[in-house]
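> predicted model and sequence below, questions to follow.
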Amino acid sequence: MSFLSETLSRVKPSPTIAVTQKAAELKRAGKDVIGLGAGEPDFDTPDNIKDAAIAAIHAGKTKYTAPDGIQELKEAICAKFKRDNGLDYTPSQVSVGTGGKQILYNALMATLNEGDEVVIPAPYWVSYPDMVLLAGGTPVIAEASLQTNFKLTADQLEAAITDKTKWLIFNSPSNPTGAGYSWDELKELTDVLMRHPHVWVMSDDMYEHLAYDDFKFCTPAQVEPALYDRTLTVNGVSKAYAMTGWRIGYAAGPEKLIGAMRKVQSQSTSNPCSISQWAAVEALNGTQDFLAPNNEKFVRRRNMVVEMLNAAEGIACPTPEGAFYVYPSIAGCIGKTTAAGTKIEDDETFATALLEEHGVAVVFGAAFGLSPNFRVSYATSDENLKEACTRIQTFCAALK
Ligand SMILES: Cc1ncc(COP(=O)(O)O)c(C=O)c1O
């Protein structure tokens, strides 16, 4: 009898965390390494949010809370959904968890039975398939392509749906590609869902506020109101408010689902951190003025990175609509050999050689379900990005 659970044996550890650790090890060993693996903004949590947390501590708001969040935060979340997305929810339709990650996990744990399928468009955020497996379901990967800037088409979604499909996990703007679906592009997908009334949609809107140029964010329940009763709209404060360490995520959806998620949470973490919840109330209700200047910074970096990567031999990099990632293709590098003699067989050997020979840490595309690509996070300084892209150009120019 195995001591470790069989379910766990089907799951792999997060490759993004593995890359970050490997880069840290090389740095500790004295190597000059630039990490482009981070999934978090490089700026600090705004002061008004920190102050709200400090005030909560002084006011003694340091005890257990209701399992899925304090009433004040649920009200702030309802106001946010109304203000930003035109969606009407009441506090009893809202769940707050320890990060968006726990919210997604709770929803899958609360709904999946053996044999239930979850459609996940690739490239996907690394955790989706493994969370589905942990919850006892079966991930069904629907591959998008570079030709559509990594956006799933209606035909691809239609082909992935079976009688066993329970959920579609939808993520726009996307981690790892930054791709954001326009209203019309999303409507094509919601039209498919309208033809399959047994399929629910879990919309991961974590990067909502990181939307650039003239791209307008939209979410499934807004684009197709008839889907409201089978949509879980997930969001959080981690990315837009630079609050990754505070661990607050949230979702709104049908009460029955929210109640089931509450049950999961009440038997695992009890409740998200009380102090972080008060900080999140301020994040959502307070000034949103810092979002625009941060986005200006991100757009400038994105433009520089896309331009420099496209100038590297063998690399093709589309310009994404949002988030802080780009997902270049290295199809033109496959089969070549690096200056140090490593043959580039796939995106994993590319990323390993790039790290070992030039000290640039990126995450290889196979981790996100679409190859041959790699993910660059541009949530780091302009100087780091410029130096890293110059090294990538040098690495590619030397390929034979
Ligand atoms: C697409 C996506 N969803 C959810 C999350 C989870 O965010 P949180 O920090 O709120 O758990 C992340 C974090 O990297 C993400 O990229």
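Looks like it came in fine. Numbering: from 1, shown residues only.
> strands of this protein, residue ranges please.
Secondary structure of the chain (DSSP state E): strands located at 34-35, 94-97, 117-122, 138-143, 165-171, 200-204, 231-236, 249-252, 325-326, 360-361, 363-364, 374-377.
> ok, and what's touching the second one?
If I follow you right, that is strand 94-97. 68-70, 73-74, 77-78, 103, 106, 248-252, 258, 261-262, 265, 269, 272, 277, 280 (Cβ atoms under 8 Å, 6 or more residues apart in numbering). (C-beta placed from N, C-alpha, C; glycine too.)
> ok, now which ones touch the nearest residue to Gly37 once chain neighbours are set aside?
Residue nearest to Gly37 in three dimensions, not counting chain neighbours: Val19, with 4.6 Å by Cβ to Cβ, 6 or more residues apart in numbering. The contact partners of Val19, by Cβ under 8 Å, 6+ apart, come to Gly37, Ala351, Ala361, Val362, Val363.
> which helix in this protein runs the most residues?
helix 291-310 (DSSP state H).
> circling back to that earlier point, show me the two of the contacts of Val19 that sit farthest apart.
Gly37 and Ala351 (9.6 Å; Cβ to Cβ).
> quick one on the thing from earlier: for the longest helix of the chain, name the packing helices and strands.
For helix 291-310, the packing partners by 3 or more Cβ pairs under 8 Å, 6 or more residues apart in numbering; DSSP states H and E come out as strand 325-326, helix 382-397.
> re the thing from before, can you put the strands of the chain in TSV and add mean neighbour count?
Output for those, formatted as TSV (neighbours: other Cβ atoms under 10 Å):
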stretch	mean neighbour count
strand 34-35	22
strand 94-97	28
strand 117-122	24
strand 138-143	17
strand 165-171	24
strand 200-204	25
strand 231-236	28
strand 249-252	28
strand 325-326	26
strand 360-361	25
strand 363-364	26
strand 374-377	27
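> mind listing what Ala388 touches?
Here Ala388 is in contact with Ile34, Leu36, Val360, Val376 (Cβ under 8 Å, 6+ apart).
> and the third one, bridged to which residues?
With DSSP bridges as the criterion, Val360 is bridged to Ile34.
> okay, now the unreliable bits of the protein?
Counting by pLDDT under 70, not a single residue of the chain qualifies.
> give me the domain ranges for it.
For the chain, the structural domains run 4-42+288-396, 62-283, going by the TED database.
> which one of those domains is the most hemmed in?
domain 62-283 (a mean of 20; mean count of other Cβ atoms under 10 Å).
> is the ligand contacted by that one?
Yes - interface with the ligand: domain 62-283 contributes Gly99, Gly100, Lys101, Trp125, Asn171, Asn175, Asp204, Met206, Gly236, Ser238, Thr244, Gly249 (Cβ under 6 Å from any ligand atom).
> between Gly37 and Ala351, which contacts overlap?
Val19, Ala361, Val362, Val363.
> quick one: Thr45 and Lys239 touch, right?
No - assessed by Cβ atoms under 8 Å, Thr45 is found out of contact with Lys239, at 11.8 Å.
> which residue ranges of the chain form helices?
6-9, 15-28, 47-58, 71-85, 99-111, 127-134, 154-160, 183-194, 220-223, 255-266, 274-285, 291-310, 347-358, 382-397.
> which residues touch the fifth one?
With contacts defined as Cβ under 8 Å, 6+ apart, helix 99-111 is touched by 95-97, 118, 127-128, 131-132, 134-135, 137, 166-167, 169, 200, 202, 204, 206, 232, 234-236, 238, 247-251, 257, 260-261, 263-265, 269, 272.
> having no further points to raise, I will conclude here.
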